[in-house]
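>>> The following comprises the amino acid sequence and a computationally predicted model.
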Amino acid sequence: MSKHAVSIFDPDESRLTRLAYEFEVKRIEVATAKTLSDIHKSDLYILDASFGIENILRLQATGCHIAVTTEAQQMKVDDWRVLLNHEIQVFKHPVSAQTIVDTFETYFTPVKEVVEQEPKKLENDPISHLFSTETATSVEKGPVLPKSEAQALPMVKEEKRRRKQIFQTFKQVTAAVYSPKGGVGKTTVSFNFAGKCAAHPMVERVCLIDGDRNYGNIMQTLGIKTKANLADFCKNISSESSWEEVQDNLYVHDKKLFILPNPPSPLDSLDVSGSDFAKVLSKLKEYFSVIIVDMSPQLDAVSNAALKHSDNVFLVTTTDSPTNQSLKIFIKDYEKLLKLDAMKLHLVVNRVLKKSGITVKDIREAFPELDFVGSIKEDGAIQNSANNRMFHSLKYKNSELAQVISEMMEIINLYSDSVKGSNLSGDGFFEGIRRKFRRQKDDVAYD
């Protein structure tokens, strides 16, 4: 720990003192500043956006934890994008100390427990003047202020209960990643999507399914051999199976990311039907916050079940004419034959080549009905990350792949206000500003 566990910068004295008081209730050392010259040394800085983007990034570069607070109407789109790309937590006013403690749980582990018995007496209470009848009603934003620390303790406990409920009520999401052609980078997108979702604080567990029954290569990407596979999962797991049985039939990559590989041979997958796969998804939804299906280019019964039971479908294409022609055919089949909602479809343009003769703008104009997520240039560093079995989107947070994955996470509501009351990643403001930015994004055109 540094001299101060937390340093808060906010020119607004009422917000600063209120937040500082909440930390002091938790016996967490806190220092406050209203001017830049008064900033104290710390490992966690809670900074008002007026601190300046350059100063925020300079502090982050020293290895500090950063939380930025802002008024929704004051945050510029470009500034928001910079903070997002650097994965800096942003909170919309008002934000409570409990929310920050929960978000930075690892950092606060030694100091986060609230005093359960006799309250600590605060000397020279910095916000006692706020508890007067005359001023309490003038506070327009923020939680109702307690009149004493004794009254504050139950409020902190209630906030803990509320946060626990938020995480328990997070809507389960199933997403499919599909392309009608192989070799477009679909598995790379799926793999990085799963890795970044697993790193998100609101996600309890992620399951990545290799839905290409014939020649899926997720386990080859990881360079790992395992007995767990889709065919055996269908045989061994029923609707009555326990979590321990489900876990035994999955490959555990880490404590939050699980993988259901394809069968070792295409012949082993012949007995897996569409209804079997639907049952697999139904069972996995009981235990996983996010399920991602890396689909086969072939539209068979398993693929149809994946499409039907997914909340969102991410279509991966390239600046290649045959791939886009096949994608056109797929969309028609998707709407007419499968009778599924085209609103679930989102477009990712991958492996963009500079002199292919087809631009990202051309592709967007060819698919006006699709929600455009983003584009990724052909990049040898992505293949290098795959060869070294690394999540490129986590190691290179400012890369185009990482930015596209962040967009995909927003679409499945990991960064939205789908969990009402959560201040993680900017509450509902995040979703609105990000989707607005994507709609206004300049088309990338290559000659």
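Happy to help now that I have it. Residues are numbered from 1 along each chain as shown.
>>> Find the nearest non-adjacent residue to Asn350, please.
Among residues not flanking Asn350 along the chain, Gly185 sits closest, at 4.3 Å (C-beta to C-beta, 6 or more residues apart in numbering). Every residue, glycine included, has its C-beta placed from N, CA and C.
>>> Kindly export stretch 65-82 (C-alpha atoms) in PDB.
Output in PDB follows, covering the C-alpha atoms of stretch 65-82 (Å, rounded to 0.1, in the frame of the first residue of the first chain):
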ATOM      1  CA  HIS A  65      -5.200   1.800 -11.000                       C
ATOM      2  CA  ILE A  66      -7.500   4.500 -12.500                       C
ATOM      3  CA  ALA A  67     -11.200   5.200 -12.200                       C
ATOM      4  CA  VAL A  68     -12.600   8.200 -14.100                       C
ATOM      5  CA  THR A  69     -15.900   9.900 -13.100                       C
ATOM      6  CA  THR A  70     -17.800  12.100 -15.400                       C
ATOM      7  CA  GLU A  71     -21.100  13.800 -16.200                       C
ATOM      8  CA  ALA A  72     -22.600  12.100 -19.300                       C
ATOM      9  CA  GLN A  73     -23.100  15.400 -21.200                       C
ATOM     10  CA  GLN A  74     -19.500  16.500 -20.600                       C
ATOM     11  CA  MET A  75     -17.600  13.500 -22.000                       C
ATOM     12  CA  LYS A  76     -16.500  14.000 -25.600                       C
ATOM     13  CA  VAL A  77     -16.800  11.000 -28.000                       C
ATOM     14  CA  ASP A  78     -13.100  11.100 -28.800                       C
ATOM     15  CA  ASP A  79     -12.100  11.200 -25.100                       C
ATOM     16  CA  TRP A  80     -14.500   8.300 -24.400                       C
ATOM     17  CA  ARG A  81     -12.800   6.300 -27.100                       C
ATOM     18  CA  VAL A  82      -9.300   6.900 -25.800                       C
END
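>>> Can you give me the buried ones in it?
Residues of stretch 65-82 classed as buried under the neighbour-count rule (16 or more other C-beta atoms under 10 Å) are His65, Ile66, Ala67, Val68, Thr69, Thr70, Met75, Asp79, Trp80, Arg81, Val82.
>>> Kindly indicate which of these lies nearest Glu105.
His65 (11.3 Å; C-beta to C-beta).
>>> Just give me the neighbour total for the nearest residue to the closest one once chain neighbours are set aside.
Spatial nearest neighbour of His65, chain neighbours left out: Leu44 (4.3 Å); criterion: C-beta to C-beta, 6+ apart. Neighbouring residues of Leu44 were enumerated by other C-beta atoms under 10 Å; the total is 21.
>>> Am I right that Leu44 is in contact with Phe9?
No - Leu44 is beyond contact range of Phe9, at 11.8 Å (criterion: C-beta atoms under 8 Å).
>>> and Ile53, what does it touch?
Residues in contact with Ile53 (C-beta atoms under 8 Å, 6 or more residues apart in numbering) are Asp79, Val82, Leu83.
>>> mind running it again at 10 Å?
By C-beta atoms under 10 Å, 6 or more residues apart in numbering, Ile53 lies in contact with Val68, Lys76, Asp78, Asp79, Trp80, Val82, Leu83, His86, Ile88.
>>> any idea how far it is from Thr32?
Ile53 sits 22 Å away from Thr32, going by C-beta to C-beta, to the nearest Å.
>>> Same check on Pro201?
Plainly put, Pro201 is 26 Å away from Thr32 if you go by C-beta to C-beta.
>>> So between those two, which is more surrounded?
Thr32 (21 against 15).
>>> Just to be sure, the more buried one is in a strand?
Yes - residue state for Thr32 (DSSP: H, G, I helix; E, B strand; the rest coil) corresponds to a strand.
>>> That one reaches Leu19, doesn't it?
Yes - applying C-beta atoms under 10 Å, one finds Thr32 in contact with Leu19, separated by 8.4 Å.
>>> Overlap in contacts, these two.
Listed as contacting both Thr32 and Leu19 by C-beta under 10 Å, 6+ apart are Val6, Ile8, Asp10, Ile46.
>>> mean confidence for stretch 243-252?
Averaging pLDDT along stretch 243-252 gives 94.
>>> quick check, distance from that stretch to the centre of its chain.
24 Å (C-alpha atoms, centre = their mean, to the nearest Å).
>>> For Val68, identify the helix or strand it belongs to.
strand 65-70 (DSSP states H and E).
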